[in-house]
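# Below: sequence and its predicted model.
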Amino acid sequence: MNIQSYIKHIEQLDKQYLWHPFTQMKEWTEGPPVIIAEGRGSFLKDISGKWYIDGVSSLWVTVHGHRKKEIDDAIKKQVDKISHSTLLGLTHPPAVLLAEKLVRIVQNFEGKKLRRWEDKKFSTSQPLNLSTSQLPDSKLRRVFYSDNGSTAVEIALKMAFQYWRHKGVKGKKTFLTLNNAYHGDTVGAVSVGGIDLFHSIFSPLLFKTFKAPSPYCYRCGPGKKYPSCRLFCLHEMEKIMKEHLKEIAALIIEPLVQGAGGMIVSPPGYLKGVRKLCSKYGILMIADEVATGFGRTGRMFACEHEDVSPDILCLAKGITGGCLPLAATVTSEEVYSAFLGEYKDLKTFFHGHTYTGNQLACAAALANLDLFKKEKTLNRMQKKIDLLKKELEKMNSFSHVGEIRQRGFMVGIELVKNKKTKEPYPLEEKTGWKVCCRAKEKGLLIRPLGSVVVLMPPLSISHQELKNLVRLTAEAVKEVTG
Ligand code: PMP
């Protein structure tokens, strides 16, 4: 079969047998798909040989670039030993060593000892050398694995609920979440979501939650301005906490950036304020760092920016450098110890997925974390974050660019029909989608969130590639919006 026939063959089979995520399949079957054959660094190559910049890190996961030798080698080495055995009743070195490493990294931002994990000199083979009793109970110390961001969130919710049961507090059976929140697509994660477009159809299936306002300054509900608003949205959040304290088991939040809600960057002090409120009202704080974790915001975790330590931390996406599915829900010793008891007490956390703590994924994650240190990924990112900011500023004058939001390597360019009134483009005009189609023709793969064009390059992207990424995006925006 020659290459052209092979491409046709794959395309036809795709259209006949596959159902793609978040995709209107009627439209999909009408056009030719991009069929990815290879990746290298910040680039993806399609089956016909055309190269594209991977402008969204293959859905926000790629950290050190595609086909990173160290990660690939770690996976291959692990394959030669074993690819998978269960964590139910057994254990294995990759899961154990990774758990220890994750706790160490998280401890760094809790202890405020370090701004950046990679600056710390320690040997990964050394034990933590701190007994549990030496640490305050609120420290994040326990790692529970799963396979993806949604399950990391489900686990956090169920842990928080069950924690209060074990504490003898019965009424705490709901959650406080935010408008525009996105925490995944399983039913529990959708229940704590706040994006009508994705979530409203499922509303009859969902459990009740309370919704606090989103810190979306560009479209502030009460029409206030930061900083004179003095974080009015926290005021609203506190009202809900006060009124429903007895029902709220935990608050869940995407720290600093509400990703899928449109790359909504919270104003300074907001996250710290949320932490303070949770502590004040005795509500567990779940930080969903599925998107923001592993360097995305310029620090290892977004919570670091405001010296915030959650009670439960959800991690996924970048944890393996973007190579294999893995997630972790990290909890404090306080939460964990509430589940200890005799078998007959039935305090066990009855939850677990078949591939929980898979060896290959854990081996990839260990290599990923070593690379952060070896390549000083976070330090090297800082100049690129500034460059990205400078390049993006050029789009500020565009007549349909309403706002450009950036936190580290998370960018949302909100396109509007009318810049003065902030009137949004109607959904059916598919403006964001059209910009991404135009970018694709130019050799850039990006995905929109409604009318928000998202840029999420791999952390390893070079200065020149970063410039090209923004230039191609700007051209596409200009050509589509005029
Ligand atoms: N939480 C956040 C903040 C996310 O951005 C996502 C995915 N974009 C998820 C959870 C769900 O992760 P997954 O798609 O791996 O289930």
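On my side now, so go ahead. This one's a predicted model, so the numbers in the text were calculated from it and none came from an experiment.
# dump the residue contacts of the residue of the stretch 1-150 of the chain found nearest the ligand.
With CB to the nearest ligand atom as the measure, Gly149 is the residue of the stretch 1-150 of the chain nearest to the ligand, at 2.1 Å. Where C-beta positions appear, they are placed from N, C-alpha and C, glycine not excepted. The contact partners of Gly149, by CB atoms under 8 Å, 6 or more residues apart in numbering, come to 183-184, 189, 288, 290-291, 314, 316-317, 327.
# how about 6 Å then?
184, 290, 316, 327 (CB atoms under 6 Å, 6 or more residues apart in numbering).
# hang on, isn't the last one packed against Ser150?
No. Taking contacts as CB atoms under 6 Å, Ala327 lies outside contact range of Ser150: 8.4 Å.
# More neighbours: which of the two?
Between Ala327 and Ser150, counted using other CB atoms under 10 Å, Ala327 has the larger neighbour count: 27 against 21.
# so that one bridges to which residues?
Ser146 (DSSP bridges).
# Around the nearest residue to Ser460 once chain neighbours are set aside, how many other residues sit close by?
Using CB to CB, 6 or more residues apart in numbering and skipping residues adjacent in sequence, the residue nearest Ser460 is Gly65, 4.3 Å away. Residues contacting Gly65 under the criterion other CB under 10 Å number 24.
# so who does Gly65 touch?
So Gly65 contacts 41-42, 458, 460 (CB under 6 Å, 6+ apart).
# want to try CSV for the residues you listed, with neighbour count as columns?
Shown next, in CSV, are those (neighbours: other CB atoms under 10 Å):
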residue, neighbour count
Gly41, 18
Ser42, 23
Pro458, 28
Ser460, 23
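# Among the contacts of Gly149, name the ones that also lie close to the ligand.
184, 290, 316 (CB under 6 Å from any ligand atom).
# of all these, which comes closest to Met395?
Minimum distance to Met395 across the ones next to the ligand among the contacts of Gly149 is 27.7 Å, recorded for Val290 (CB to CB).
# For the closest one, give me its contacts.
Counted by CB under 6 Å, 6+ apart, Val290 has contacts 149, 314, 316-317.
# repeat that for 8 Å
149, 152-153, 183-184, 254, 314-317, 327.
# and it, which of the three is it?
Classification of Val290 by DSSP: H, G, I helix; E, B strand; the rest coil places it in coil.
# How about it: what's its closest non-neighbour residue?
The nearest residue in space to Val290 (CB to CB, 6+ apart) is Gly149, at 3.5 Å.
# Tell me the confidence at the one you found?
At Gly149, the model reports a pLDDT of 98.
# do Ser123 as well
If you check Ser123, the pLDDT there is 34.
# Ok, the one 5 residues further on next?
We note a pLDDT of 36 for Leu128 in this prediction.
# cool, the one 5 residues further on as well?
For Ser133, the model assigns a pLDDT of 35.
# And Pro136, by the same measure?
37.
# which parts of the stretch 1-150 of the chain sit against the ligand?
148-150.
# now Met381, what's its secondary structure?
helix.
# do you know how far it is from the ligand?
20 Å (CB to the nearest ligand atom, to the nearest Å).
# Quick one: neighbours of that residue, just the number.
Other residues close to Met381 by other CB under 10 Å number 21.
# and it, what is it in contact with?
By CB under 8 Å, 6+ apart, the contact set of Met381 is 295, 298, 408-409, 459.
# Could you rerun that using 10 Å?
295-299, 388, 408-409, 459-461 (CB atoms under 10 Å, 6 or more residues apart in numbering).
# doesn't Ser460 fall inside a strand?
No. Looking at Ser460 with three-state DSSP, it is coil, so not inside a strand.
# That one contacts Phe43, correct?
No. Between Ser460 and Phe43 there is no contact under CB atoms under 10 Å: 11.3 Å.
# Residues that sit against both of these two, list them.
In contact with both Ser460 and Phe43: 65-66, using CB under 10 Å, 6+ apart.
# which residues are in contact with the helix or strand of the chain with the lowest mean pLDDT?
Across the helices and strands of the chain, mean confidence by mean pLDDT, DSSP states H and E is lowest for helix 196-199: a mean of 86. Outside of helix 196-199, the residues within contact range by CB under 10 Å, 6+ apart are 22, 179-182, 185, 189-193, 203, 206, 260-261, 427, 449-450.
# and that helix, which residues are buried?
His199 (16 or more other CB atoms under 10 Å).
# going on from it, what's the next piece of helix or strand?
strand 209-212 (DSSP states H and E).
# Helices along the stretch 151-300 of the chain, start to end?
187-191, 196-199, 232-244, 270-281 (DSSP state H, counting those that start in this stretch).
# orientation of the third one relative to helix 270-281 in degrees?
Going back to what we said before, that points to helix 232-244. Counting by axes from the mean of the first three to the mean of the last three CA atoms, to 10 degrees, helix 232-244 lies at 20 degrees to helix 270-281.
# Give me the helices and strands touching helix 232-244, please.
Helix 232-244 sits against strand 174-178, strand 209-212, strand 248-253, helix 270-281, with contacts defined as 3 or more CB pairs under 10 Å, 6 or more residues apart in numbering; DSSP states H and E.
# 8 Å instead, please
strand 174-178, strand 209-212, helix 270-281 (3 or more CB pairs under 8 Å, 6 or more residues apart in numbering; DSSP states H and E).
# can you list contacts of that helix?
The contact list for helix 232-244, computed with CB under 8 Å, 6+ apart, reads 174, 176, 210, 212-215, 220, 222, 224, 248, 251, 270, 273-274, 277, 280-281, 283.
# and that helix, which residues are buried?
Judged by neighbour count using 16+ other CB under 10 Å, the buried positions of helix 232-244 are 232-234, 237-238, 240-241, 244.
# how about JSON lines for the helices of the stretch 151-300 of the chain, with distance to Leu87 added?
Below are the helices of the stretch 151-300 of the chain laid out as JSON lines (distance: least, CB to CB, whole Å):
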{"stretch": "helix 187-191", "distance to Leu87": "21"}
{"stretch": "helix 196-199", "distance to Leu87": "31"}
{"stretch": "helix 232-244", "distance to Leu87": "36"}
{"stretch": "helix 270-281", "distance to Leu87": "30"}
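# Any idea which of those has the lowest pLDDT on average?
helix 196-199 (a mean of 86).
# could I have it exported to PDB, CA atoms only?
Provided in PDB are the C-alpha atoms of helix 196-199 (Å, rounded to 0.1, in the frame of the first residue of the first chain):
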ATOM      1  CA  ASP A 196     -22.900  25.200  31.600                       C
ATOM      2  CA  LEU A 197     -21.900  24.400  28.100                       C
ATOM      3  CA  PHE A 198     -20.400  21.000  29.100                       C
ATOM      4  CA  HIS A 199     -22.300  20.300  32.300                       C
END
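# State the distance from whichever residue of the stretch 301-450 of the chain sits closest to the ligand to Arg471.
Residue of the stretch 301-450 of the chain nearest the ligand, by CB to the nearest ligand atom: Ala316 (4.9 Å). To Arg471, Ala316 is 31 Å away according to CB to CB, to the nearest Å.
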